[in-house]
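Asks: Coordinates only, no sequence provided:
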C-alpha cells in the first residue's frame with residue numbers, strides 16, 4: 001500500500017502566505033531508513049517528518065526527519081507541520097515527540113490565523129566557532145569579516161541540530177546572498193552543520209534571517225525552526241536577551257516565501273519555545 005505523504009507549509013506569514021513546505025507521514029510503521037530517504041528525496045522539500053505512534057501511549061510519537069540527501073536529528077518546521085496535521089485529525093492538549101535529538105513537546109492553539117503550534121526544544125548548546133571554519137564559510141559565501149557584527153561572535157548553536165551563527169551588520173548584505181553551493185556543502189558535511197544561520201538584527205525584538213542548507217542538498221530554507229531555537233539559546237548565552245524574553249524572526253522574504261517565527265525563552269526552562277502557523281498545501 002502506498003504511503004500517504006501530507007504536505008504542509010509551516011511558519012506562514014500573518015496573511016497565511018509563504019512558509020516552509022514540509023512532508024509529514026503520520027504513521028511510518030513498516031518504513032525503513034532507505035524507504036524514508038527515498039520518499040524525502042522524491043518529495044524534494046527541505047525535510048519530511050516520519051511519525052511512529054506509540055500504541056500504548058496516546059499522543060506520543062517517535063519521529064525521524066529526512067532531508068533530500070540525509071537524515072537530520074531535528075527539524076523545527078516539520079515538527080510544527082506535524083503538530084498541526086495531527087491535531088486537525090484528533091485534538092490533543094499536548095503532543096510528545098521522541099526525536100533523535102531528544103524529547104520535544106508540541107502544543108497547539110486555534111487563532112484567527114488558523115491552527116498555531118508551539119514546540120519546546122531540547123536545551124541548547126552554544127560554543128565559539130573555530131576561526132578557520134568561519135573564514136572558510138565566509139569565503140564560500142563571498143562575505144568578508146567586516147560584514148559581520150562583532151557584537152555577536154560567530155558561534156555554533158545547537159537546539160537539536162548544529163548551526164553556525166553569523167550575524168551581519170546590514171540588511172543589504174543579508175539580501176545579497178549568492179554563494180558557492182558545492183564549497184559550502186562540503187564544509188557543512190565535514191563539520192556536521194545542518195544550516196548556516198545568517199542574521200541581521202533590526203532590533204532586540206525583531207531579526208531577519210536566511211539559512212543556506214547546502215549540506216543536505218537544499219540551496220536555502222525559507223523558515224528554520226531548529227535554527228530559531230538554537231538562536232534563542234545563542235542570544236540567551238550572550239545575555240542579549242533576558243532570562244524571559246520574546247522575539248520574532250522574519251525569514252524567506254528574499255526568496256518570495258515570507259515566513260514568521262516567534263521565539264521565546266522562559267526563566268527556569270532549559271528549552272526554547274518556537275511558535276508558528278501551519279496549513280495544508282497542495283504541492
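Replies: Arrived safely. What you see is a predicted model, and the numbers here were worked out from it, not measured in a lab.

Asks: Could you count how many residues lie near residue 60?
Replies: Using other CB atoms under 10 Å, the number of residues around residue 60 comes to 16. No exception for glycine: its C-beta is placed from N, CA and C like everyone else's.

Asks: I figured it hits residue 96, correct?
Replies: Yes - using CB atoms under 8 Å, residue 60 makes contact with residue 96 at a distance of 4.5 Å.

Asks: Excluding sequence neighbours, find me the nearest residue to residue 155.
Replies: Spatial nearest neighbour of residue 155, excluding adjacent residues (CB to CB, 6 or more residues apart in numbering): residue 165 at 5.0 Å.

Asks: residues contacting that neighbour?
Replies: Taking CB atoms under 8 Å, 6 or more residues apart in numbering as the criterion, residue 165 is in contact with 129, 152, 154, 155, 156, 157, 197, 199, 230, 231, 234.

Asks: Now do stretch 206-225: distance from first to last residue.
Replies: By CA to CA, to the nearest Å, the extent of stretch 206-225 from end to end equals 15 Å.

Asks: Need the mean per-residue confidence for it.
Replies: Stretch 206-225 shows a mean pLDDT of 96.

Asks: can you give me the offset of it from its chain's centre?
Replies: 8 Å (CA atoms, centre = their mean, to the nearest Å).

Asks: Mind jotting down where the strands sit in the stretch 51-200 of the chain?
Replies: 60-66, 71-72, 95-99, 102-111, 114-120, 125-128, 155-158, 162-167, 195-201 (DSSP state E, counting those that start in this stretch).

Asks: Export those as a markdown table, with columns for distance to residue 86.
Replies: Shown next, in a markdown table, are those (distance: least, CB to CB, whole Å):
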| stretch | distance to residue 86 |
| --- | --- |
| strand 60-66 | 8 |
| strand 71-72 | 20 |
| strand 95-99 | 6 |
| strand 102-111 | 8 |
| strand 114-120 | 9 |
| strand 125-128 | 28 |
| strand 155-158 | 26 |
| strand 162-167 | 26 |
| strand 195-201 | 25 |
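
Asks: nearest to residue 79, of these?
Replies: strand 114-120 (5.1 Å; CB to CB).

Asks: helices and strands around the closest one, which ones?
Replies: Judged by 3 or more CB pairs under 8 Å, 6 or more residues apart in numbering; DSSP states H and E, strand 114-120 is in contact with helix 76-89, strand 102-111, strand 273-280.

Asks: out of those, deepest packed?
Replies: Mean neighbours per residue, mean count of other CB atoms under 10 Å, is largest over the helices and strands packed on strand 114-120 for helix 76-89, with a mean of 27.

Asks: got the angle between that helix and strand 95-99?
Replies: 140 degrees (axes from the mean of the first three to the mean of the last three CA atoms, to 10 degrees).

Asks: Quick one: mean pLDDT for helix 76-89?
Replies: Rounded mean pLDDT across helix 76-89 is 97.

Asks: Over to stretch 43-57?
Replies: 96.

Asks: With stretch 252-271 instead?
Replies: 96.

Asks: list the buried ones in that stretch?
Replies: For stretch 252-271, a neighbour-count test (16 or more other CB atoms under 10 Å) marks 252-255, 257-265, 271 as buried.

Asks: measure it end to end?
Replies: 25 Å.

Asks: thinking again about what came up before, reformat the strands of the stretch 51-200 of the chain as JSON lines; add mean pLDDT and distance to residue 212.
Replies: Below are those laid out as JSON lines (pLDDT from 0 to 100; distance: least, CB to CB, whole Å):
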{"stretch": "strand 60-66", "mean pLDDT": "98", "distance to residue 212": "18"}
{"stretch": "strand 71-72", "mean pLDDT": "97", "distance to residue 212": "14"}
{"stretch": "strand 95-99", "mean pLDDT": "98", "distance to residue 212": "23"}
{"stretch": "strand 102-111", "mean pLDDT": "95", "distance to residue 212": "24"}
{"stretch": "strand 114-120", "mean pLDDT": "94", "distance to residue 212": "23"}
{"stretch": "strand 125-128", "mean pLDDT": "98", "distance to residue 212": "20"}
{"stretch": "strand 155-158", "mean pLDDT": "98", "distance to residue 212": "15"}
{"stretch": "strand 162-167", "mean pLDDT": "98", "distance to residue 212": "10"}
{"stretch": "strand 195-201", "mean pLDDT": "98", "distance to residue 212": "5"}
